[in-house]
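Need a 3D model of the following:
(chains A and B)
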Protein chains: 2
Amino acid sequence: MVLKLYGSPVSTCTRRVAIVLHEKQVPFELHPIDFAKGEHKSPEFLTHQPFGQVPYIDDDGFILYESRAICHYIATKYAGQGTPLIPAGLHENALFQQAASVEMMNFNEHAEKAVFENIFKVWHGGKSDKEVFDKHIEKLSARLDVYDSILSKQKYVAGNEITLADLYHIPYGAMLPTAGSNIIETKPNVNRWFNEICSRPSWQAVKDGIKSTA
Amino acid sequence: MVLKLYGSPVSTCTRRVAIVLHEKQVPFELHPIDFAKGEHKSPEFLTHQPFGQVPYIDDDGFILYESRAICHYIATKYAGQGTPLIPAGLHENALFQQAASVEMMNFNEHAEKAVFENIFKVWHGGKSDKEVFDKHIEKLSARLDVYDSILSKQKYVAGNEITLADLYHIPYGAMLPTAGSNIIETKPNVNRWFNEICSRPSWQAVKDGIKSTA
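Modelled structure (predicted):
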């Protein structure tokens, strides 16, 4: 049975999963969840994703949520097809885990909140707070200075091969310009890396909205 | 050569790693980093941990940072000794990855900030903001209601066997009462689970400060 992806065609976390489905050449059906109707908080949805967040997948009856865990599962299950995204060697895998953890704790921590402040909050009828946005961009800038140094010595965040850890950055990173920040452009090695990963067919296929491929 | 752990004997993230070293029966030397002297921002430290955070390890010349990545590396390298902490099966491993991601995004996100507000900020001469603390405890409470439902059906966060994902919660969870919140106690299944993982010899060995075991 074809893999079912439950989420929103334009949600950042749903697109994170869709990128990996494209990289691993796994056909999937998108089942859109209507946030406006509160479908992600419906009793039926909560039986599959108890935190009321998107996305989750149904892979022939196996239910899984948390976008990065889903990406890891897909890259593990389909290790032999598409782009290799999880290094197998002990040290190489450890450096991948390190980079994936840095993405969550040092990048996403501030990129998500900056994007929320200037985009999602406004979509939901709120008013963005310039001070909050600037604080997150300032902190992100300091973290990206470290990324810039790392990426001056290696091609990707976990070494010289692309991994899931690179792809995890795309959905929020790509929204920073729309949120009003050119912070990525200002760091030459980060800019080179980010442009490269964003030019991949996987992101090009989902950046304007996810479509089923099965 | 014995594994070297560079961090603080009382830092939450350093203790996260030390718990796993105890669970996996891996002897280690603690090399204390003096925050007061700014040792974590020294040029030498930054060559090993470019973000200036603790801990990092030196395992016979292999340098690794990010506490959860270090724990994953130790549990992988020493899969055959001590407590098994990473499930091998495709689905079991995916549910472990899901629980580990929930810990970072739903638990740590608010537990860390609540503990920072009422403990670390004050240690550093700041003044805690009750409104900020209460907001994080309120959000954490909603997430722990979901944990309580999950833990009413299974023994641990990833299923019926303990994994790294359980242990990741200990350092910040154990500081919540000191920070002034009894939120864990108020959720019966969370309370049962948290008391059980905190009673393990691994946490008892490091809760009052990490000591070298080699």
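
Relative to B:Trp193, how far out is A:His136?
33 Å (Cβ to Cβ, to the nearest Å). All C-beta spots, glycine's among them, are computed from the backbone N, C-alpha and C.

do you know how far the spatially most distant residue from the centre of chain A is from A:Pro50?
Within chain A, the residue lying farthest from the chain centre (Cα atoms, centre = their mean) is A:Pro43, at 26.4 Å. The gap separating A:Pro43 from A:Pro50 is 11 Å, by Cβ to Cβ.

residues in contact with A:Lys121?
The neighbours of A:Lys121, taking Cβ atoms under 8 Å, 6 or more residues apart in numbering or on different chains as the test, are A:Lys127, A:Ser128.

That one: what secondary structure?
Following DSSP: H, G, I helix; E, B strand; the rest coil, the label given to A:Lys121 is helix.

Quick check, pLDDT for it.
pLDDT recorded at A:Lys121 is 94.

Please apply the same query to the one 4 residues further on.
For A:Gly125, the pLDDT comes out at 92.

In which helix or strand does it reside?
According to DSSP states H and E, A:Gly125 maps onto no helix or strand at all.

any idea how far it lies from B:Val115?
32 Å.

Have a look at those two and say which one is more surrounded.
B:Val115 (25 against 6; other Cβ atoms under 10 Å in any protein chain shown).

Could I get the contacting residues of the more buried one?
Neighbours of B:Val115 in contact, by Cβ under 8 Å, 6+ apart: B:Thr12, B:Tyr172, B:Met175, B:Leu176, B:Ala179.

Format these as TSV; extra columns: neighbour count.
Converted to TSV, the contacts of B:Val115 look like this (neighbours: other Cβ atoms under 10 Å in any protein chain shown):
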residue	neighbour count
B:Thr12	23
B:Tyr172	24
B:Met175	19
B:Leu176	21
B:Ala179	21
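
so how far is the helix ranked longest in chain A off the chain centroid?
Of all segments of type helix in chain A, defined using DSSP state H, the longest is helix A:130-150. With Cα atoms, centre = their mean, to the nearest Å as the basis, helix A:130-150 stands 18 Å off its chain's centre.

Show me which residues of chain A are close to chain B?
Residues of chain A that fall close to chain B, judged by Cβ under 8 Å from any Cβ of the partner chain: A:50-51, A:62, A:64-69, A:72-73, A:76-77, A:90-91, A:93-95, A:97-98, A:100-102, A:104-106, A:143, A:146, A:149-150.

one more time with 7 Å, if that's ok
A:50-51, A:62, A:64-66, A:68-69, A:72-73, A:76-77, A:90-91, A:94, A:97-98, A:101-102, A:104, A:106, A:146, A:149-150 (Cβ under 7 Å from any Cβ of the partner chain).

So which of those residues belong to helices?
Per DSSP H, the residues of chain A next to chain B map to helices at A:68-69, A:72-73, A:76-77, A:90-91, A:94, A:97-98, A:101-102, A:146, A:149-150.

Of the residues you listed, which count as buried by neighbour count?
A:68-69, A:72-73, A:76-77, A:94, A:97-98, A:101-102, A:146, A:150 (16 or more other Cβ atoms under 10 Å in any protein chain shown).

before we move on, the earlier item: which strands or helices does the longest helix of chain A pack on?
Applying 3 or more Cβ pairs under 7 Å, 6 or more residues apart in numbering or on different chains; DSSP states H and E, one finds that helix A:130-150 contacts helix A:109-115, helix A:188-198.

Please pull out the lowest mean pLDDT helix or strand from chain A.
helix A:121-123 (a mean of 91; mean pLDDT, DSSP states H and E).

where does that helix sit relative to the chain's centre, distance-wise?
That offset, for helix A:121-123, works out to 20 Å (Cα atoms, centre = their mean).

With stretch A:34-45 instead?
Using Cα atoms, centre = their mean, the offset of stretch A:34-45 from its chain centre is 22 Å.

Could you work out the end-to-end span of that stretch for me?
Its start and end residues considered, stretch A:34-45 measures 11 Å (Cα to Cα, to the nearest Å).

Can you list the buried residues in the longest helix of chain A?
A:Phe133, A:His136, A:Ile137, A:Lys139, A:Leu140, A:Arg143, A:Leu144, A:Val146, A:Tyr147, A:Asp148, A:Ile150.

Which residues does that helix contact?
A:106-107, A:110-111, A:113-114, A:117-118, A:157, A:181, A:183, A:187-190, B:50-51 (Cβ atoms under 7 Å, 6 or more residues apart in numbering or on different chains).

Mind listing residues that contact the helix or strand following it?
Downstream of helix A:130-150, the next assigned helix or strand under DSSP H and E is helix A:164-168. Residues from elsewhere that reach helix A:164-168, judged by Cβ under 7 Å, 6+ apart: A:16, A:19-20, A:68, A:71-72, A:75, A:85-86, A:96, A:99-100, A:103, A:156-158, A:197.

can we see that at 10 Å?
If you take Cβ atoms under 10 Å, 6 or more residues apart in numbering or on different chains as the criterion, helix A:164-168 is touched by A:16, A:19-20, A:22-23, A:67-68, A:71-72, A:74-76, A:83, A:85-87, A:95-104, A:107-108, A:155-159, A:193-194, A:196-197, A:200, A:202-203.

List every C-alpha atom in that helix, with coordinates, as PDB.
These are the backbone C-alpha positions of helix A:164-168, laid out as PDB (Å, rounded to 0.1, in the frame of the first residue of the first chain):
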ATOM      1  CA  LEU A 164      19.500  14.300   6.400                       C
ATOM      2  CA  ALA A 165      21.100  16.900   8.600                       C
ATOM      3  CA  ASP A 166      21.500  19.200   5.600                       C
ATOM      4  CA  LEU A 167      18.000  18.700   4.300                       C
ATOM      5  CA  TYR A 168      16.500  19.400   7.700                       C
END
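
can I see the domain layout of chain A?
A:3-84, A:90-201 (automatic domain parsing).

So how do I select the buried members of the contacts of helix A:130-150 in PyMOL?
Entered in PyMOL, the line below selects the buried ones among the contacts of helix A:130-150, by 16+ other Cβ under 10 Å:
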select buried, (chain A and resi 106+107+110+111+113+114+117+118+157+181+183+187+189+190) or (chain B and resi 51)
